[in-house]
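K.L.:
build me a model:
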Amino acid sequence: MKVVVIGGTGLIGSKLVRGLGEQGHEAVAAAPSTGVDTLTGEGLAEVLEGASVVVDVSNSPSFEDQAVMDFFRASTANLLRAEAEAGVRHHVALSVVGTDRLQGSGYFRAKQAQEELIKTSGIPYSIVHATQFFEFAKGLADGVTEGDTVRLPAGRIQPMVSDDVAAAVGRAAVGAPVNGVLETGGPESFELEEFIRMGLAAQDDSRKIVTDPRATYWGAELQQDTLLPGPDADLGEVRFADWLAGQK
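P.N.:
Down below sits the predicted model:
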């Protein structure tokens, strides 16, 4: 079947397009660089012609509160409207484990708004909630660095490799719509400080890492289990230490 991947040239999207193609599907990467812009609607009607499934793994170019809200509201509304006109039968979106528990963050408020648009669109859907990616350990640290100190909130995290994220989204795309949320995560959990410490040490990054009770996660307060998937989550197999060893 024809599957259009919005954000299909990015980290997850490119892996997803490749994986679906290897399964024999017509997987089409859609992004501004391929002439498809969900913010303006440019190219949407053309790329969605004949599509059975649309997978949205796009992300906002800005994480500023109002900019990210504007992006997800406009791009999702335009996409869903075009899907309805094209007769798309399944909308799949990648979101984040704990989105509904992270509403102190402007980014996660925007992701929640995106999910609400999907749920009320009338198009059968599946929303995949993934945990943090291994690849983003350094970026997460960069966002909470003051001088040479990384200040992290207390809490546990169950990160996963991007290959397993793409595989989970791919399984959702070729399956029947669940009209709900599917969770996926890594095979093991860590204290957030431990995860970041391992990631930075593997890159010989000597920043000091501390757990600070005043620190937040992208602006939101954490409980111990905020970032953890539930017991029914589909778990990947790649362990963080093994992945780090393979990066050297």
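K.L.:
from here on, contacts and neighbour counts on C-alpha atoms
P.N.:
Noted.
K.L.:
need the distance between the two termini of stretch 214-223.
P.N.:
With Cα to Cα, to the nearest Å as the measure, the ends of stretch 214-223 fall 13 Å from one another.
K.L.:
tell me the buried residues in that stretch?
P.N.:
Residues of stretch 214-223 classed as buried: Ala215, Thr216, Tyr217, Trp218, Ala220, Glu221, Leu222 (neighbour count, 16 or more other Cα atoms under 10 Å).
K.L.:
show me where this structure has strands.
P.N.:
Across the chain, reading from the start of the chain, the strands by DSSP state E fall at 2-6, 26-30, 53-56, 90-96, 125-130, 145-146, 149-152, 156-157, 180-185, 190-191, 208-211, 234-235.
K.L.:
and the ones you listed as a markdown table, adding mean pLDDT and distance to Gln103?
P.N.:
A markdown table is the format used below for the strands of the chain (pLDDT from 0 to 100; distance: least, Cα to Cα, whole Å):
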| stretch | mean pLDDT | distance to Gln103 |
| --- | --- | --- |
| strand 2-6 | 98 | 25 |
| strand 26-30 | 98 | 29 |
| strand 53-56 | 98 | 21 |
| strand 90-96 | 98 | 12 |
| strand 125-130 | 98 | 15 |
| strand 145-146 | 93 | 22 |
| strand 149-152 | 96 | 18 |
| strand 156-157 | 98 | 17 |
| strand 180-185 | 98 | 17 |
| strand 190-191 | 96 | 21 |
| strand 208-211 | 95 | 21 |
| strand 234-235 | 96 | 24 |
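K.L.:
got those as JSON lines, with mean neighbour count and distance to Asp242 columns?
P.N.:
Putting the strands of the chain into JSON lines (neighbours: other Cα atoms under 10 Å; distance: least, Cα to Cα, whole Å) gives the following:
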{"stretch": "strand 2-6", "mean neighbour count": "25", "distance to Asp242": "29"}
{"stretch": "strand 26-30", "mean neighbour count": "23", "distance to Asp242": "30"}
{"stretch": "strand 53-56", "mean neighbour count": "25", "distance to Asp242": "29"}
{"stretch": "strand 90-96", "mean neighbour count": "24", "distance to Asp242": "23"}
{"stretch": "strand 125-130", "mean neighbour count": "26", "distance to Asp242": "20"}
{"stretch": "strand 145-146", "mean neighbour count": "14", "distance to Asp242": "26"}
{"stretch": "strand 149-152", "mean neighbour count": "21", "distance to Asp242": "24"}
{"stretch": "strand 156-157", "mean neighbour count": "22", "distance to Asp242": "17"}
{"stretch": "strand 180-185", "mean neighbour count": "22", "distance to Asp242": "16"}
{"stretch": "strand 190-191", "mean neighbour count": "16", "distance to Asp242": "15"}
{"stretch": "strand 208-211", "mean neighbour count": "16", "distance to Asp242": "22"}
{"stretch": "strand 234-235", "mean neighbour count": "18", "distance to Asp242": "16"}
